[in-house]
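Engineer: I would like to see how this sequence folds:
(one chain, ligands or ions: 1)
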Amino acid sequence: MSPVGREPKYPVIIITGTPGTGKSSHAQLLIQESPVPLKHINVGELVKDRGLHEGFDEEWQSYTVDEDKLLDELEPLASAGGIILDWHTCEIFPERWADLVVVLRCNHTQLWDRLEKRGYPLKKIQENNEAEIMDVVIEEARASYPEEIVVTLSSESMEDLERNVASIVEWIKTWLSDRERQTAEET
Ligand SMILES: Nc1ncnc2c1ncn2[C@@H]1O[C@H](COP(=O)(O)OP(=O)(O)OP(=O)(O)O)[C@@H](O)[C@H]1O
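Structural biologist: Residues are numbered from 1 along each chain as shown. Sure thing, here's the model as predicted:
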């Protein structure tokens with residue numbers, strides 16, 4: 001039985017990880033490869049575009065998110081299902097929303113290069129690199145969701161990206177057939 005109050009047709013997949021680990025790259029490929037339609041929600045862009053924040057923090061060069069506004073915006077989408085939530089943090093999303101939580105990781109030298117190429121300020125590169133080394137997002141995901149729905153995947157090459165997306169596609173197929181079986185048993 002699915003969590004109370006939600007019977008979506010398609011799953012809610014959270015793709016998280018330190019900035020630069022490849023969340024958007026994975027989400028973009030996944031929407032192409034998925035056997036069912038999925039909507040990619042880049043949460044950082046949503047916060048910016050819909051003004052779901054309390055202003056821009058110049059020191060950290062990022063928006064201070066208004067969590068209540070963000071959750072209100074996302075609730076109907078999560079309830080409907082068929083979405084990929086792409087964000088560098090995940091603990092804010094209620095456990096009942098998530099069917100699968102993918103945490104991407106990348107070795108810190110490579111991550112440093114990716115963030116440097118983006119022109120991030122040194123302080124922001126250092127902060128993110130340290131977070132990756134300390135497994136901050138992995139710990140957060142493990143503390144926030146049941147262990148059986150949290151997977152950690154390496155994102156250091158195009159082969160990794162393709163393999164990861166292929167395994168998420170397999171997971172979606174299994175999720176769909178489990179759903180069908182459950183529905184058949186209930187009717
Ligand atoms: N598995 C991978 N192999 C090689 N390069 C990758 C891989 N994943 C991502 N990249 C590259 O790293 C950079 C960052 O990727 P991407 O924007 O997908 O990361 P992100 O986690 O979504 O970042 P942010 O949290 O800041 O939005 C891009 O230049 C992308 O091409």
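
Engineer: residue contacts, the residue of the chain found nearest the ligand?
Structural biologist: Using CB to the nearest ligand atom, the closest approach of the chain to the ligand is made by Gly22 at 2.6 Å. All C-beta spots, glycine's among them, are computed from the backbone N, C-alpha and C. Counting by CB atoms under 8 Å, 6 or more residues apart in numbering, Gly22 touches Leu104, Cys106, Ser155, Leu161.

Engineer: Go ahead and confirm Ser34 touches Glu170.
Structural biologist: No - assessed by CB atoms under 8 Å, Ser34 is found out of contact with Glu170, at 11.1 Å.

Engineer: who has more neighbours, these two?
Structural biologist: Ser34 (19 against 11; other CB atoms under 10 Å).

Engineer: State the phi and psi torsions of the more buried one.
Structural biologist: phi -60, psi 140 (degrees, to the nearest 10).

Engineer: residues in this structure within reach of the ligand, list them.
Structural biologist: 17, 19-25, 88, 114, 155-158, 160-161 (CB under 6 Å from any ligand atom).

Engineer: Sitting in strands, which of the residues you listed do you find?
Structural biologist: Counting by DSSP state E, those place none of their members in strands.

Engineer: Quick check: Asn42 touching Asp86?
Structural biologist: Yes - counting by CB under 8 Å, Asn42 touches Asp86, with 5.0 Å between them.

Engineer: if I look at these two, which residues touch both of them?
Structural biologist: With CB under 8 Å, 6+ apart, Asn42 and Asp86 have common neighbours Ser24, Ala27.

Engineer: Of these two, which one has the most company?
Structural biologist: Neighbour count, other CB under 10 Å: between Asn42 and Asp86, Asp86 has more, with 25 against 17.

Engineer: Going by secondary structure, the more buried one is in what exactly?
Structural biologist: strand 81-87 (DSSP states H and E).

Engineer: And for Ser24, the neighbour number?
Structural biologist: Neighbours of Ser24 (other CB under 10 Å): 16.

Engineer: What pLDDT is listed against it?
Structural biologist: On pLDDT, Ser24 comes in at 98.

Engineer: Kindly provide the distance from it to Asp86.
Structural biologist: 6 Å (CB to CB, to the nearest Å).

Engineer: so what sits against both of these two?
Structural biologist: His40, Asn42.

Engineer: what lines up beside the helix or strand harbouring Val101 in the sheet?
Structural biologist: Under the criterion of DSSP H and E, Val101 resides in strand 100-105. Strand 100-105 has its sheet partners listed here by DSSP bridges as strand 10-16 (parallel), strand 150-154 (parallel).

Engineer: Right, I'll call it a day here.
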